[in-house]
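# need coordinates for the following:
(chains A and B)
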Amino acid sequence: MKIPYFPGCSLKSDAAHFEQSAIEFSKTLGVELVELPNWNCCGTVHSLTTDDIMHHLACVRNMVHAQELGKQLGTNKLITLCAMCYNTLAQVNELAKKKPDDLKTANEFIDDLPDYEGKVEVLHLLTFLNNYVSFEKIAKVVKGRLNGLKLAPYYGCLLVRPEHVKVDDRERPVLLSKLLGMVGAKCVEFPYAVECCGSYHTVNLKEAVIEKTYTIVNNARENGADAIVLSCPLCEFNLDKRQKDVKAVYPTFEPMPVFYFTELLALASGKKVNVNAHYVSPENVLRKYGL
Amino acid sequence: MEETKMIKVYIMGKEHEVPEGLTIMKAIEYAGYKIVRGAGCRAGFCGACATVYRKANDYKLRVALACQTVAEDGMYLTEIPFVPANKAIYDIEKVTPKANIILQHYPEVARCVACNTCTKSCPQDLKVMDYIQAMKRGDIAKAAELSFDCVQCGLCAARCPAEIVHYHAAQLARRIYGKYIAKPSPNLEKRIKEIEEGKYDEEIKKLKQMPLEEMKKKYMEQQKNAEKERD
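Presented below is the predicted three-dimensional model:
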């Protein structure tokens, strides 16, 4: 099965191991993620101003690319990995479906591409695996097991908010726990699963993110986790790389490794984790569980 | 002899009659203006003559190189002497080819909304938006390749709603590519060494003293030999 796939900028640089593990794991399921030709940045933060069509053009352009590639592959689906890209693309896609006049304006402005017909289905990989592959099948296909690795599943904001693009329950999401549970991980109760990581405050208000990371990581540990698992390169930056800054403020702070969920799926299916891509090395934790 | 057809153009708002078929640059000069800043090679290579204009009965503000665009009846014309665009200062010896290096020097690149206005403005038909997008994702080699034919006229930067200075950022991409990413050419290094060692000094000296006609003949011979070698 070949499915159009939108990587996003971070997956081509800092989060290259997110993309690589997702592509490798999908292959074991017989799913080939086909990168959109000529994709552009999603625009990162979705513009909430309703008549601000200019800031929605980037997503509409990507939808056109997905639509055209989908026609060749015989599908209307578009898979994303980054929670931010998923959220931005899905929100604009909703607008395109609900506001035909605005879509017409966007289509007229984008005169170098075919019109977007509004039929693409934007899916986060988690939703795709749940709805179109099934976690049960994954458990059967994946031979290895994660040996009871204790994880705090972290969703942040963008996978579960707002209501019309959520991939799971807004307050108590379970997809990550269910999926990783199927391949032998043990996900702990984690009250901070849908807490904001501080997002782009990391650029100009690092102190705020340090407090967030300190609280979230400590809470994961108090609940028995040995690592955090997530799906957003910005959350990953704040929760993994900012631990260095947390340690500088709180010298007794104990670092905790952070994984993309696809790294663990790939690990369960026999691939190696690229430990060098992590700021907090996961080597000790992996060794503890014989992984 | 057939009489030259005249057209009406509006240069900086004032009506002028100029012969049909002139470029925008020549039409402005025909009307009596002297272009002091904003005229270079007059052959579409140097990018000095960026211009904005409107056509009759058309709301769109259009852009082009004045030396490459023919004036039409009813056009509103001017030439812009320079596109203001801030240039980042960096030491290429100290720059590293990491993914976010261009964003560090030109952070406004991240403001791109993918409207593609830059691509539509480019008189060189470059995929300007695509190279900006390549920069966003840290693909310096792609940005360098896509921007290779840029003449630095600045029209992309003049039209961009996100205030990006595309052509300066692209120059940084090409410099990084040339210095750190492109494979070194052994032939080039060999030739530079030969020049430095004075291998061609004698010949250059001879050429400099050669009568013009003889030099032309020698040049034609060299061209013919080069052609033969290519074939």
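# how's chain B carved up into domains?
B:6-77, B:101-181, B:196-230 (automatic domain parsing).
# next one: the shortest one to chain centre, how far?
Taking Cα atoms, centre = their mean, to the nearest Å, one finds domain B:196-230 lying 30 Å from the centre of the chain it belongs to.
# do the same with the longest one
For domain B:101-181, the gap between its own C-alpha mean and the chain's C-alpha mean amounts to 13 Å (Cα atoms, centre = their mean).
# ends of that domain, what's the gap?
Separation of the first and last residues of domain B:101-181 by Cα to Cα, to the nearest Å is 13 Å.
# give the rounded mean pLDDT of it.
Predicted confidence along domain B:101-181 averages 97 (mean pLDDT).
# and stretch A:282-291, by the same measure?
Averaging pLDDT along stretch A:282-291 yields 97.
# residues making contact with it?
A:L146, A:N147, A:G148, A:L149, A:D226, A:A227, A:P257, A:F259, A:L267, A:V273, A:V275 (Cβ atoms under 8 Å, 6 or more residues apart in numbering or on different chains). Every C-beta, even on glycine, is put in place using the N, C-alpha and C of the backbone.
# so who does the last one touch?
Taking Cβ under 8 Å, 6+ apart, we find A:V275 in contact with A:S281, A:P282, A:E283, A:L286.
# tell me how far the second one lies from A:V92.
Counting by Cβ to Cβ, to the nearest Å, the separation of A:P282 from A:V92 is 35 Å.
# okay, those two: which has more neighbours?
Using other Cβ atoms under 10 Å in any protein chain shown, the more surrounded residue of A:P282 and A:V92 is A:V92, with 29 against 24.
# how many residues are close by B:Q124?
17.
# confirm that it sits in a strand.
No - secondary structure assignment (DSSP: H, G, I helix; E, B strand; the rest coil) places B:Q124 in coil, not in a strand.
# wait, what's in contact with it?
Contacts for B:Q124 (Cβ under 8 Å, 6+ apart) come out as B:D149, B:C150, B:V151.
# show me the contacts for the closest residue to A:A139 other than its chain neighbours.
Nearest non-adjacent residue to A:A139, counting by Cβ to Cβ, 6 or more residues apart in numbering or on different chains: A:M182, 4.0 Å away. By Cβ under 8 Å, 6+ apart, the contact set of A:M182 is A:F135, A:E136, A:I138, A:A139, A:V142.
# ok, so of these, who is nearest chain B?
A:I138 (29.5 Å; Cβ to the nearest Cβ).
# helix, strand, or coil at that closest one?
When the rule is three-state DSSP, A:I138 gets the label helix.
# hmm, it is touching A:L179, no?
Yes - using Cβ atoms under 8 Å, A:I138 is in contact with A:L179, at 7.1 Å.
# just the helices in chain B please.
Secondary structure of chain B, counting by DSSP state H: helices at B:24-30, B:101-105, B:117-121, B:128-136, B:140-146, B:155-159, B:166-176, B:186-196, B:201-209, B:212-230.
# could you tell me the end-to-end distance of stretch A:272-288?
Start and end residues of stretch A:272-288 are separated by 16 Å (Cα to Cα).
# ok now it, how far from the chain's centre?
That offset, for stretch A:272-288, works out to 19 Å (Cα atoms, centre = their mean).
# in it, what counts as buried?
Within stretch A:272-288, the residues that qualify as buried are A:V273, A:A277, A:H278, A:V280, A:P282, A:V285, A:L286, counting by 16 or more other Cβ atoms under 10 Å in any protein chain shown.
# and these, which two are furthest apart?
A:A277 and A:V285 (15.0 Å; Cβ to Cβ).
# now A:A266. Nearest residue, chain neighbours left out?
Closest to A:A266 by Cβ to Cβ, 6+ apart is A:S21, at 4.0 Å.
# count of neighbours near the one you found?
A:S21: 26 neighbours (other Cβ under 10 Å).
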